[in-house]
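Enquirer: dropping the sequence and predicted coords here.
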Amino acid sequence: MIRNFHQSKRKKIRGRPSGNFDLEVGREIERQAQEKQEIENRRKKRKLIFWTIVIFGTVIAAAISIVFLSLLGSVEW
């Protein structure tokens, strides 16, 4: 009986029932997973933008070089 009394007293001290705690933990895990997914999506987007700029810049540099070399070739002839 004394043992049951102390257990019930501990439950009152803890505050919330375990059902609400589980629900809150689940929400927290879901929120953290969502934040992690958002961060991953931002990284992918930044990588895509970076490589797009790199490829576009390379194409532009190659085009300018070809035009420049073509002008040099036409001036010599």
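Expert: Alright, I've got the coordinates.

Enquirer: tell me which element the residue most central in space within the chain is part of?
Expert: With distances taken as CA atoms, centre = their mean, Ile39 lies nearest the centre of the chain, 1.5 Å away. Assigned by DSSP states H and E, Ile39 belongs to helix 18-76.

Enquirer: ok, back up a step: how close does the residue nearest to the centre of the chain get to Phe21?
Expert: Distance, Ile39 to Phe21, by CB to CB, to the nearest Å: 27 Å. Where C-beta positions appear, they are placed from N, C-alpha and C, glycine not excepted.

Enquirer: just to revisit the earlier point, how far does the helix holding Ile39 sit from its chain's centre?
Expert: Taking CA atoms, centre = their mean, to the nearest Å, one finds the center of helix 18-76 at 11 Å from the center of the full chain.

Enquirer: pLDDT of it, averaged?
Expert: Confidence for helix 18-76, expressed as mean pLDDT, is 92.

Enquirer: would you enumerate the residues in contact with Arg27?
Expert: For Arg27, the contact set (CB atoms under 8 Å, 6 or more residues apart in numbering) is empty.

Enquirer: from Ala33, how far off is it?
Expert: 11 Å.

Enquirer: what is the burial count for Gln37?
Expert: If you count neighbours by other CB atoms under 10 Å, Gln37 ends up with 10.

Enquirer: and the gap between it and Leu23?
Expert: 21 Å.
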